[in-house]
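Q: 3D model of this:
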Amino acid sequence: MFPGFDRRYVATNGIRLYTVVGGEGPPLLLLHGYPQTHAMWYAVAPVLAERFTVVCPDLRGYGDSSKVQGSDSHVEYCKRTMAADMIGLMKALGFDTFAVAGHDRGGRVVHRLCLDHPGAVTRAAVLDIIPTHTMFETLNRRTALDYYHWLFLAQPAPLPEKLIGGDPDFYLDWTLGGWGTGLSAFAPEALAEYRRCFEDPLTVHAMCEDYRAAATIDLEHDAADLSARIACPLLVGWGAKGLMAKTYDFAAEWERKATDVSLAPIDAGHFLVDEAPEAVTTSLAAFFAR
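A: Residues are numbered from 1 along each chain as shown. Got it, this is the predicted structure:
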């Protein structure tokens, strides 16, 4: 995967981020979601690299990036901290400004990047997410059942870590297969990479801390910024067959958060980058080339 890309560790914000970099042109940062790694961009990044300098890191705690022990405040995995990681990463690579796209948890980092560092982000895309604060404020029986993992992973340590650790491959496959259109949608190489990383107990802990932060400190930050709007052009993409599309109006939710919104529904489930890479690539390339 990622032919012609350089692979490196970049030190930033007190950690090391495993990163692949390839292509030439304006910088474009691609952020993965849960429970994946940078490998989710394997079919998208090489095509975008024909027009952009593409940067695909593993978020802190994920993949081969540093795994920090979470504290009671969960600040180590809040989206503000992760956004600061990305600012440091891109500066280390020589980019003070850049475009960025993020799926799932990566999309939440993108949202925080746009709010905390508006001067750094030129254009942004979020894929198959509704703002975190909205998710918790609208939680009901249906969303609690569909997105049970938001509540399960946020339980105090070590409960979810122990339960997932009993059979990590089963839990990973259940998650990947259940939220999208089935495990067959994932390339064998990408699926093997997801499984390799998910079998590390430190990775499972970090992922749980990510969700604990979402239910605590991230909500505090979001509540303080309820009136803030994303200033740069924003592309909102989503899987038209996914759970989010059955529950939320993507256009309405993001038009409350941004001033310049473009929409890109994709014929896929939640894992639209793996399920429909050509459609995602086309949407991202057209948006970021403007």
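
Q: assumed Val100 was part of a strand.
A: Yes. Looking at Val100 with DSSP: H, G, I helix; E, B strand; the rest coil, it is inside a strand.

Q: that one and Arg8, how far apart?
A: Distance of Val100 to Arg8, given as CB to CB, to the nearest Å: 19 Å. For every residue, glycine as well, the C-beta is placed using N, CA and C.

Q: higher neighbour count, those two?
A: Shown here are Val100 and Arg8; by other CB atoms under 10 Å, Val100 has more neighbours (28 against 14).

Q: could you list the low-confidence segments of the stretch 101-250 of the chain?
A: Along the stretch 101-250 of the chain, no part satisfies pLDDT under 70.

Q: cutoff 90 now
A: 142-143, 146, 178-182, 243 (pLDDT under 90).

Q: how about the residue most central in space within the chain, what does it touch?
A: With distances taken as CA atoms, centre = their mean, Gly106 lies nearest the centre of the chain, 1.7 Å away. With contact set as CB atoms under 8 Å, 6 or more residues apart in numbering, Gly106 has these partners: 30-33, 59.

Q: residues contacting Arg123?
A: Per CB under 8 Å, 6+ apart, neighbours of Arg123: 99-100, 232-235, 287-288, 290.

Q: just put those residues in a markdown table and tack on secondary structure.
A: Below are the contacts of Arg123 laid out as a markdown table (three-state DSSP):
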| residue | secondary structure |
| --- | --- |
| Ala99 | strand |
| Val100 | strand |
| Cys232 | coil |
| Pro233 | coil |
| Leu234 | strand |
| Leu235 | strand |
| Phe287 | helix |
| Phe288 | helix |
| Arg290 | coil |
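
Q: which of those are buried?
A: 99-100, 232-235, 287-288 (16 or more other CB atoms under 10 Å).

Q: pick the one among those closest to Ala214.
A: Nearest to Ala214 among the buried ones among the contacts of Arg123: Val100, at 19.2 Å, using CB to CB.

Q: now the closest one, nearest residue through space, not along the chain?
A: Leu29 (4.3 Å; CB to CB, 6 or more residues apart in numbering).

Q: which SS state does that neighbour fall under?
A: Under three-state DSSP, Leu29 falls in the strand class.

Q: I figured it hits Met86, correct?
A: Yes. Here Leu29 lies in contact with Met86, judged by CB atoms under 8 Å, at a distance of 6.3 Å.

Q: common neighbours of the two, please.
A: Here Leu29 and Met86 have 57, 100 as joint contacts, going by CB under 8 Å, 6+ apart.

Q: hang on, the earlier thing: distance to Glu24 for the contacts of Gly106 - can I get that in TSV?
A: Below are the contacts of Gly106 laid out as TSV (distance: CB to CB, whole Å):
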residue	distance to Glu24
Leu30	16
Leu31	21
His32	23
Gly33	27
Leu59	25
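
Q: buried subset of those, written for ChimeraX?
A: In ChimeraX, this line selects whichever of the contacts of Gly106 come out buried by 16+ other CB under 10 Å:
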select :30,31,32,33,59
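
Q: give me the neighbour count for the closest residue to Ala258 other than its chain neighbours.
A: Taking CB to CB, 6+ apart, and ignoring the residues beside it in sequence, Ala258 has Ile230 as its nearest neighbour in space, at 3.8 Å. Other residues lying near Ile230 total 21 when counted by other CB under 10 Å.

Q: can you pull the contacts of Ile230?
A: 111, 114-115, 118, 124, 257-259.

Q: strands along the stretch 1-150 of the chain, start to end?
A: Along the stretch 1-150 of the chain, counting by DSSP state E, counting those that start in this stretch, strands occupy 6-12, 15-22, 27-31, 53-57, 98-103, 121-127.
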